[in-house]
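Asker: Turn this into a structure:
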Amino acid sequence: MPRSPAFAGVILAAGDSSRMGSDKALLVWNGETFLALAVRRLSRVCDFVIVVAGKNAETLRPMVYQNAGYLLINPRPAEGQFSSLRIGLREVLERGRDSAFVTLVDRPAPSLETLELLRETFLHSGPEQTWAVVPGFRGKHGHPYIASREMIEAFLRAPQSSTAREVEHANQSKILYVPVSDPNVAANLNTPEEYESWKLEQERK
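Answerer: Predicted coordinates for the structure are as follows:
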C-alpha cells in the first residue's frame with residue numbers, strides 16, 4: 001500500500017537556550033531568523049507546520065503566524081524536549097496526518113533539495129520496513145527526520161521520562177539513514193562561539 005504524500009512539519013522551539021544566552025529561534029542568517037526560515041522551508045514540503053514553544057511563546061508568535069505556521073505551547077518545557085515532541089506529534093495525528101518532518105529550531109534550515117530527497121525516499125520506502133527516514137552528513141545523523149505513524153505512535157506510547165533517542169534506538173531496524181550533502185542537517189549551534197564560527201564558514205562559501 002503506497003504512503004500518503006501528505007506531511008505535517010513539527011519544529012521544537014521550547015528550549016531556554018541557556019548556553020547560547022539568547023533564544024536560538026531568533027538567530028539570524030541573511031536577514032532572516034532561524035525560526036522563520038525553518039517554517040517557510042518546511043511549508044514547501046508539508047501541508048502545515050507546527051511550532052512548539054515554551055516560555056518564549058509570545059516572542060515567537062508573530063513570526064510563526066507571519067509565516068503561516070501554527071503555534072502550540074508546552075506548559076511544562078522544563079520536562080525537556082521529548083515533552084515538546086509528544087505535544088507536536090499528538091497535534092499531527094489530531095489534524096489527520098500520518099507522517100511528519102520533525103526538526104529543532106537550534107540549527108539552520110536545510111535546503112529544499114534535501115527536504116525533497118527525504119520526502120521522496122520516505123514515499124518510496126516500504127511502510128512495514130521503514131518507520132523513519134533520518135538524514136546524515138559525514139557520519140553524523142541529523143534533522144529534520146521523517147516519522148511515520150508507526151514511529152509517531154512509538155514516541156507517544158513511550159514513558160514521559162524517555163528521550164527521542166531511546167525510542168529511536170529501540171526501533172533501530174525500522175530507521176532508514178540517508179546520506180546527504182547538506183551540512184545544515186548536522187549543524188548544532190549551542191554557543192555564541194559555535195554560531196559565529198558557523199557564520200564565518202557560510203561566508204566563505
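Asker: all strands of this protein, in order?
Answerer: With strands called from DSSP state E, the chain shows them at 8-12, 28-29, 32-33, 48-53, 70-73, 100-104, 132-137, 140-141, 145-147, 175-179.
Asker: Name the nearest residue to Arg44, sequence neighbours excluded.
Answerer: Leu112 (5.6 Å; Cβ to Cβ, 6 or more residues apart in numbering). Any C-beta I mention is one placed from the backbone N, CA and C, and that applies to glycine too.
Asker: Tell me the pLDDT of the residue most central in space within the chain.
Answerer: What sits nearest the mean C-alpha location of the chain, by Cα atoms, centre = their mean, is Thr103, with 0.8 Å. Looking at Thr103, its pLDDT is 96.
Asker: for this structure, which spans come out with low pLDDT?
Answerer: Scanning the chain for pLDDT under 70 picks out the ranges 1-2, 17-19, 21, 204-205.
Asker: same thing but 80
Answerer: Low-confidence segments of the chain (pLDDT under 80): 1-4, 16-22, 30, 190, 192, 198-199, 201-205.
Asker: all helices of it, in order?
Answerer: Using DSSP state H, the helices of the chain run over 34-43, 57-66, 81-94, 112-123, 149-157, 164-170, 192-204.
Asker: Distance to Ile50 and mean neighbour count for those helices - can I get that in TSV?
Answerer: Below are the helices of the chain laid out as TSV (distance: least, Cβ to Cβ, whole Å; neighbours: other Cβ atoms under 10 Å):
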stretch	distance to Ile50	mean neighbour count
helix 34-43	9	23
helix 57-66	9	16
helix 81-94	5	20
helix 112-123	16	18
helix 149-157	13	18
helix 164-170	16	15
helix 192-204	25	13
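Asker: Go through the ones you listed and name the closest to Gln129.
Answerer: For those, proximity to Gln129 was assessed by Cβ to Cβ; helix 149-157 is nearest, at 10.5 Å.
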